[in-house]
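Enquirer: Give the three-dimensional model of this entry:
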Amino acid sequence: MSCDIGLYGLAVMGQNFALNMASHGFKVCVGNRSPAKVDLTVQRAKDEGDLPIVGTKSPEEFVAQLSKPRKIIILVMAGKPVDQTIDTLSQYLE
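Expert: Numbers count the residues shown, from 1 in each chain. Below is the predicted model:
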């Protein structure tokens, strides 16, 4: 499945942003360091109207689900976590 956009970081704002985009017709791929947050977001998408959200368990799977050109929103804590997330995801981007 090719997703229109990816959102990495599923705290409260990330979950709600992903659900909002999905409710407006975008197929959204979600990822997070914690797999439980991914599962929770996917379940919320099902409960809130079977919204088009695809959950991933690894950064590699997250990037692979995105259609090209890839669009990624990163919603993690500012500072070092942003740099770490970029470093991790960029390993799978060309």
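Enquirer: Contacts for the helix or strand containing Phe62 next, please.
Expert: Assigned by DSSP states H and E, Phe62 belongs to helix 59-64. Contact partners of helix 59-64, identified using Cβ atoms under 8 Å, 6 or more residues apart in numbering, comprise Gly6, Tyr8, Cys29, Val30, Gly31, Thr56, Arg70, Thr88, Leu89, Gln91, Tyr92, Leu93. Heads up, the C-betas are built off the backbone N, CA and C, glycines and all.
Enquirer: same thing but at 10 Å, please
Expert: 2-3, 6-8, 29-33, 38, 54-56, 58, 70, 72, 85, 87-94 (Cβ atoms under 10 Å, 6 or more residues apart in numbering).
Enquirer: Could you give the bridge partners of the residue most central in space within the chain?
Expert: Centroid-nearest residue in the chain: Val30, 2.1 Å away (criterion: Cα atoms, centre = their mean). Residues in a beta bridge with Val30, per DSSP bridges, are Leu7, Gly55.
Enquirer: what sits against it?
Expert: The contact partners of Val30, by Cβ under 10 Å, 6+ apart, come to 3, 5-10, 14-15, 17-19, 22, 37-38, 41-42, 45, 53-56, 62, 65, 73.
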